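*Asks:* What follows is a predicted protein model with its sequence.
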Amino acid sequence: MSNSGSVPDRNLLIATLRDYVEQLREEGLEGLPAGARVERAAPRTETESVPRVAAPAPISSAVPPQFPPAAEMLSKYPGLETTSTLEQLRTFIGDCQRCKLAPLRKNLVFGVGDPNAELMFIGEGPGADEDQKGEPFVGRAGQLLTDIIERGMGIARSEVYICNVIKCRPPENRNPEPDEVAACEPFMLRQIEIVKPKVIVGLGTFAVQAVLKVKTPISKLRGRWHEVRGIRMMPTFHPAYLLRNPGDKRLVWADVQEVMKVLGIQIPRRGGA
């Protein structure tokens, strides 16, 4: 039997399955019962109005976070507690060799934006574009995040602060492993402590679960306020997920509106009257 054309077909199937599994992971699903049907809402057009949330969402008490004490996190790296600016923190990290990702990276991706920002975005980790440039969220997902910030919220990207849970790209964009998170977590927490934002937006399943110290699916966490060391945090879907599922942009827009209310940013009218 001829195998002509089988390799491209197999590669296409593998890529399709990989995207599907990633979609399930982002939605917090580990599997579906046999025979289950999944029905997704049709994507909205740009001209359709997006429903607004009538009142600010309450802070969730259903998922109590289990944070290690700040002093315990800082003591992992003696001297970390003396860093008082982002520049000092970046110098402290240096040419980091603290986990097994170091030999695989091109650039350490620290963070970017206003060091005194009221709004902070935290993602999972760098991708290929970010690893190449040394800056978070510069690929297609980053372009969508910029649109959310600038076109949706009406503020400049430079006015917020953006970073990731881990600072080096995992190979093939796999999920960061526990030891890698443990190595980078003190730096992420120190970034939060130095910037002191009024609001944190957690982007995607992994980032939110890592920051909140929970295993709850993102679909159950988003849309509700949580707290990280006294700072309000709004979990939402990752921009990369929205590139594959544009119909869920309306959910992210609802989350973003809640953030805008807390920050006192006027919510623009969408889709006419």
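*Replies:* Noted; the coordinates are in hand. Residues are numbered from 1 along each chain as shown.

*Asks:* Every contact and neighbour count from this point should use C-alpha atoms.
*Replies:* Fine.

*Asks:* Quick check: the gap between P171 and V165.
*Replies:* 16 Å (C-alpha to C-alpha, to the nearest Å).

*Asks:* which of those two has more neighbours?
*Replies:* Shown here are P171 and V165; by other C-alpha atoms under 10 Å, V165 has more neighbours (27 against 13).

*Asks:* Surely that one and Q191 touch.
*Replies:* No. Contact between V165 and Q191 fails when scored by C-alpha atoms under 8 Å: they sit 10.2 Å apart.

*Asks:* what ranges of the protein fall below the confidence cut-off?
*Replies:* 1-75, 270-273 (pLDDT under 70).

*Asks:* for it, what spans make up the strands?
*Replies:* For the chain, the strands defined by DSSP state E cover 112-113, 119-123, 161-164, 199-203, 226-228, 231-236.

*Asks:* Mind giving me the packing neighbours of the longest one?
*Replies:* By that I understand strand 231-236. The contact analysis (3 or more C-alpha pairs under 8 Å, 6 or more residues apart in numbering; DSSP states H and E) places strand 231-236 against strand 199-203, helix 218-221, strand 226-228, helix 249-263.

*Asks:* Can you tell me which of the ones you listed is most buried?
*Replies:* Mean neighbour count (mean count of other C-alpha atoms under 10 Å) peaks for strand 199-203 among these, with a mean of 25.

*Asks:* Give me the angle between that one and strand 119-123.
*Replies:* 20 degrees (axes from the mean of the first three to the mean of the last three C-alpha atoms, to 10 degrees).

*Asks:* From the chain's centroid, how far away is strand 199-203?
*Replies:* Computed by C-alpha atoms, centre = their mean, to the nearest Å, the chain-centroid distance of strand 199-203 equals 7 Å.

*Asks:* Next: stretch 234-253.
*Replies:* Using C-alpha atoms, centre = their mean, the offset of stretch 234-253 from its chain centre is 11 Å.

*Asks:* Next: stretch 188-202.
*Replies:* 13 Å.

*Asks:* which ones are touching V208?
*Replies:* Counting by C-alpha atoms under 8 Å, 6 or more residues apart in numbering, V208 makes contact with G202, I218, P235.

*Asks:* For G152, give its distance to K261.
*Replies:* G152 sits 13 Å away from K261, going by C-alpha to C-alpha.

*Asks:* From start to finish, how long is stretch 153-162 in a straight line?
*Replies:* Stretch 153-162 has an end-to-end distance of 15 Å (C-alpha to C-alpha).

*Asks:* Now do it: everything it contacts.
*Replies:* By C-alpha under 8 Å, 6+ apart, the list of residues contacting stretch 153-162 reads 111-115, 117-123, 136, 146, 149-150, 256, 260, 265, 267.

*Asks:* give me the number of residues near L104?
*Replies:* Close neighbours of L104, defined as other C-alpha under 10 Å, add up to 12.

*Asks:* Now do the helices in the stretch 51-200 of the chain.
*Replies:* 70-74, 86-93, 128-133, 140-147, 178-195 (DSSP state H, counting those that start in this stretch).

*Asks:* Now the second one: buried residues?
*Replies:* Read it as helix 86-93. The neighbour-count check on helix 86-93 (16 or more other C-alpha atoms under 10 Å) flags L86, L89, R90, F92, I93 as buried.
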